[in-house]
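**Student:** I'll drop the sequence and a predicted model, then ask my questions.
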Amino acid sequence: MTAQPRLALVAADRPDAVAARRALEQRYAGVPVDDADVIVALGGDGFMLETLHAALQVRKPIFGMNMGSVGFLMNDFEEDGLVERIAQASPTVVHPLAMRAVTVTGEERAGLAINEVSLLRQTRQSAKLAISVDDRVRMNELICDGILVATPAGSTAYNLSAHGPVVPLGAGVLALTPISAFRPRRWRGALLPHTASVTFEILEADKRPVSAVADDVEVRNVARVEVAERRDLALTMLFDAHRSYEERVLAEQFAS
């Protein structure tokens, strides 16, 4: 007989999520995260990202249940049958992006992004960027509000709102998507192999300051930003078998 998995129950700091965690604690014996087989996260997609970042240290699979708004990365909340749902769940493995940012004063900052690394203009002035892929300059000058590199897991988030492509998880590509490109006006971005290293040089950085954001890490007044996938880091999300992550991505491409 298979032993029941040990569950760590964690919740976002909002009343409904905390109440849901307490209700589950009455039915399932919760354990500390370090002792758990599976982390059960109660909240929205933002809280799932927080939990995934925390799980980088412990490498535990996460089964999320939606107590937020969108909940694309979450399963529906139900008190009944939690152990059975987890046992039958479909695993999805994601790899984060590593960001290395150098500011105009020479300070170096690093960050990890599960969804995307974004470069954003800080003032009314448009950003001016040069883009290199694997040390080869691909665009000498992009004038825009910003640009982002999105993982497949993040392609349905900010990337999709910026009219970037939805990327199936097994496609082995990253989405490079401009935000309100002014010149070249018709450039819609690119799909890059997941092994690619992308470098952004900020042109006229003093006049046109730019910030770089990797999930919850923001670096202001950057001069150069390097982005590459960390294939050595793997995070596992668990989805109900009848609504796997791959099914969600496919359905999103046909959403009206």
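**Tutor:** Here it is on my side, so go on. Residues are numbered from 1 along each chain as shown.

**Student:** any idea where the strands of the stretch 1-150 of the chain begin and end?
**Tutor:** 7-11, 38-43, 62-66, 90-94, 97-103, 108-113, 116-121, 127-133, 136-144, 146-150 (DSSP state E, counting those that start in this stretch).

**Student:** Does anything pack onto the fourth one? Which helices or strands?
**Tutor:** It refers to strand 90-94. strand 235-239, helix 245-252 (3 or more C-beta pairs under 8 Å, 6 or more residues apart in numbering; DSSP states H and E). (Each C-beta comes from the backbone N, C-alpha and C, glycine too.)

**Student:** The last one: how far from the chain's middle?
**Tutor:** Per C-alpha atoms, centre = their mean, to the nearest Å, the displacement of helix 245-252 from the mean C-alpha position of its chain is 16 Å.

**Student:** In CSV, list the C-alpha atoms belonging to it.
**Tutor:** Provided in CSV are the C-alpha atoms of helix 245-252 (Å, rounded to 0.1, in the frame of the first residue of the first chain):
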residue,chain,number,x,y,z
TYR,A,245,-0.6,22.6,-18.1
GLU,A,246,-0.2,21.5,-21.8
GLU,A,247,-4.0,21.5,-22.1
ARG,A,248,-4.3,25.0,-20.6
VAL,A,249,-1.7,26.4,-23.0
LEU,A,250,-3.5,24.8,-26.0
ALA,A,251,-6.8,26.2,-24.8
GLU,A,252,-5.4,29.7,-24.3
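
**Student:** That one packs against which elements?
**Tutor:** Checking 3+ C-beta pairs under 8 Å, 6+ apart, helix 245-252 ends up next to strand 90-94, strand 235-239.

**Student:** Out of these, which gets nearest to residue 110?
**Tutor:** Closest to residue 110 of those is strand 235-239 (C-beta to C-beta; 17.7 Å).

**Student:** pLDDT of the closest one, averaged?
**Tutor:** When pLDDT is averaged over strand 235-239, the result is 94.

**Student:** Counting by contacts, list what that strand packs against.
**Tutor:** Using 3+ C-beta pairs under 8 Å, 6+ apart, strand 235-239 sits against helix 45-55, strand 62-66, strand 90-94, helix 245-252.

**Student:** run the last query once more with 6 Å
**Tutor:** strand 90-94 (3 or more C-beta pairs under 6 Å, 6 or more residues apart in numbering; DSSP states H and E).
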